[in-house]
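Undergrad: Sequence plus predicted model, see below.
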Amino acid sequence: MSNAVPAEISVQLSLALNAIERHLESTLLAVHLYGSALDGGLKPYSDIDLLVTVAAQLDETVRQALVVDLLEISASPGQSEALRALEVTIVVHGDVVPWRYPARRELQFGEWQRKDILAGIFEPATTDVDLAILLTKVRQHSLALAGSAAEDFFNPVPEGDLFKALSDTLKLWNSQPDWEGDERNVVLTLSRIWYSAATGKIAPKDIVANWAIERLPDQHKPVLLEARQAYLGQGEDCLASRADQLAAFVHFVKHEATKLLGAMPVMSKTKLGITKYSIVTNSNDSVTLRLMTEHDLAMLYEWLNRSHIVEWWGGEEARPTLADVQEQYLPSVLAQESVTPYIAMLNGEPIGYAQSYVALGSGDGWWEEETDPGVRGIDQSLANASQLGKGLGTKLVRALVELLFNDPEVTKIQTDPSPSNLRAIRCYEKAGFERQGTVTTPDGPAVYMVQTRQAFERTRSDA
């Protein structure tokens, strides 16, 4: 990564900044350079990505004049030795701070608009789900060419909104007309969404491509290999001639990413409408849930061996090995059983584990008298002992409860803390659970606690 303007684009960038400052001088607040120019090195077809922030909406005359000037100092990929494609996004500060989803985009300029601009057609302001992804990238790594550093200038985007944006973006590509003429970019963008859904991170396209190639079935690898080589300038882009292979690739990657993002059912009996829910107390304090992936198993193994978790998850004699964790949790990750595992996140960092399961038919002596297929059980634990007693556990439980009751088939949620785990009992009570007495489970005596849909909806309507 770099924190300086690459010499090869310095002249063009100076021209772009001059145009931006000339037209937006009275309202300009900040300009941030981000993307390939800083993250992974400019490739032959890389754009120059700029985020421009202004104080007020733009007059139509100003919008059109700026776009026309930008067109003069931009070129389609591979069409000029001196100029790269510019991609300029303009937002009004008050439309993105405080953050909301979806946010409003004031203006966007890109080479794909060239024909329309020359014909006098200018894109209007609009809401843009992609701003959640864009602002996450800009806060993660950018260079302020004017104004403050991005991490100080913009609010963090809650992870739930980031994943919602990824999910909404997937809906753009359904059949060949949706990617015709933009095949390489769509292939690489789909791979990036898949990567982000699996890891919670955003990475350069070539790194993402390498990650995805390792996970693709053999029949889909040629499409991404060709897109990567063309992006790196190491081969021709003939993807338009691979119509059937390209369609199959798009379908496969969309399916894999959608599973991770929770827009498709992950098990037969529980159809979750969402897998990301955020309780936001302020812009720097949100707890979110994402589906656990196989890449989280090593982290979970380390967590499950921490003393404050061992105390309530089987005791010292039950400390798991990595192989134990893989054997026990991988089937859940792959949706091969009725347990759904989640990773809890705080400000983009993993802070704990949670799981939900269908109580009916749990097996191994659990809930053998249950007859209602709508009952769900839950378990969870914070990863760091230092975070206990600060209300995060309650937020995590509330997020999980909200997520589960989003499914209309769920009638009741139950949990079974040890009678001596007073901290957990208090946490559940604060999250709306009521004690129903003591029960005997395969793990020993437990306090049986429940929250019905009626109680949940009553509490929500009173809030």
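TA: The structure has been received and is ready for your questions.
Undergrad: which stretch of helix or strand covers residue 224?
TA: helix 221-231 (DSSP states H and E).
Undergrad: Which other helices and strands does that helix contact?
TA: Where contact means 3 or more C-beta pairs under 8 Å, 6 or more residues apart in numbering; DSSP states H and E, helix 221-231 is packed against helix 183-199, helix 205-215, helix 243-261. Heads up, the C-betas are built off the backbone N, CA and C, glycines and all.
Undergrad: so what's residue 287 up against?
TA: Going by C-beta atoms under 8 Å, 6 or more residues apart in numbering, residue 287 touches 278-279, 344-346, 351, 392, 395-396, 399.
Undergrad: Most neighbours of all those residues, which one?
TA: Of all those, residue 396 has the most neighbours under the rule other C-beta atoms under 10 Å, reaching 28 neighbours.
Undergrad: Just to check, that residue is in contact with residue 344?
TA: Yes - using C-beta atoms under 8 Å, residue 396 is in contact with residue 344, at 5.0 Å.
Undergrad: Spit out the contact partners of the residue lying closest to residue 83 once chain neighbours are set aside.
TA: Nearest residue to residue 83, sequence neighbours excluded (C-beta to C-beta, 6 or more residues apart in numbering): residue 75, at 3.9 Å. If a contact means C-beta under 8 Å, 6+ apart, then residue 75 has 82-85, 111 as its contacts.
Undergrad: what about residue 361, neighbour count?
TA: By other C-beta under 10 Å, 13 other residues sit near residue 361.
Undergrad: And the residue nearest to it when sequence neighbours are not counted, how close does it get to residue 405?
TA: Closest residue to residue 361 apart from its sequence neighbours, by C-beta to C-beta, 6+ apart: residue 338 at 7.3 Å. Residue 338 sits 18 Å away from residue 405, going by C-beta to C-beta, to the nearest Å.
Undergrad: same deal with residue 133?
TA: Plainly put, residue 133 is 28 Å away from residue 405 if you go by C-beta to C-beta.
Undergrad: cool, residue 28 as well?
TA: In terms of C-beta to C-beta, residue 28 sits 46 Å off from residue 405.
Undergrad: Of the contacts of residue 75, select the buried ones using a PyMOL command.
TA: Buried members of the contacts of residue 75, defined by 16 or more other C-beta atoms under 10 Å, are picked up in PyMOL with:
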select buried, resi 83+84+85+111
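Undergrad: Make JSON lines from the contacts of residue 75 and add distance to residue 420 and pLDDT to it.
TA: As requested, those are arranged in JSON lines below (distance: C-beta to C-beta, whole Å; pLDDT from 0 to 100):
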{"residue": "82", "distance to residue 420": "73", "pLDDT": "92"}
{"residue": "83", "distance to residue 420": "70", "pLDDT": "96"}
{"residue": "84", "distance to residue 420": "64", "pLDDT": "95"}
{"residue": "85", "distance to residue 420": "63", "pLDDT": "95"}
{"residue": "111", "distance to residue 420": "65", "pLDDT": "93"}
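Undergrad: In the contacts of residue 75, find the pair that's most separated.
TA: Pairwise distances across the contacts of residue 75 (C-beta to C-beta) peak at 14.9 Å, for the pair 82 and 111.
Undergrad: Take the contacts of residue 287 and keep only those in helices.
TA: Among those, DSSP state H puts 392, 395-396, 399 in helices.
Undergrad: Now name the helix or strand holding residue 379.
TA: Taking DSSP H and E as the criterion, residue 379 maps to strand 375-382.
Undergrad: Grab the CA positions of that strand and hand them over as PDB.
TA: Presented in PDB, the C-alpha positions along strand 375-382 are these (Å, rounded to 0.1, in the frame of the first residue of the first chain):
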ATOM      1  CA  VAL A 375     -38.900 -22.900  18.600                       C
ATOM      2  CA  ARG A 376     -35.300 -21.800  18.300                       C
ATOM      3  CA  GLY A 377     -32.500 -22.200  20.800                       C
ATOM      4  CA  ILE A 378     -29.600 -19.800  21.200                       C
ATOM      5  CA  ASP A 379     -26.100 -19.800  22.700                       C
ATOM      6  CA  GLN A 380     -23.400 -17.100  22.600                       C
ATOM      7  CA  SER A 381     -20.200 -15.900  24.200                       C
ATOM      8  CA  LEU A 382     -18.000 -12.800  24.000                       C
END
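Undergrad: Is residue 134 in a helix, a strand, or coil?
TA: Under DSSP: H, G, I helix; E, B strand; the rest coil, the three-state class of residue 134 is helix.
Undergrad: Distance of it relative to residue 184?
TA: To residue 184, residue 134 is 20 Å away according to C-beta to C-beta.
Undergrad: And for residue 166?
TA: Distance of residue 166 to residue 184, given as C-beta to C-beta: 20 Å.
Undergrad: Pick out whichever of these two has more residues nearby.
TA: residue 166 (25 against 22).
Undergrad: and the more buried one, what element?
TA: Using DSSP H and E, residue 166 maps to helix 159-170.
Undergrad: Do I have it right that residue 107 meets residue 58?
TA: Yes - counting by C-beta under 8 Å, residue 58 is a contact partner of residue 107 at 6.5 Å.
Undergrad: Give me the common contacts of those two.
TA: Shared contacts of residue 107 and residue 58, defined by C-beta under 8 Å, 6+ apart, are found at 66, 90.
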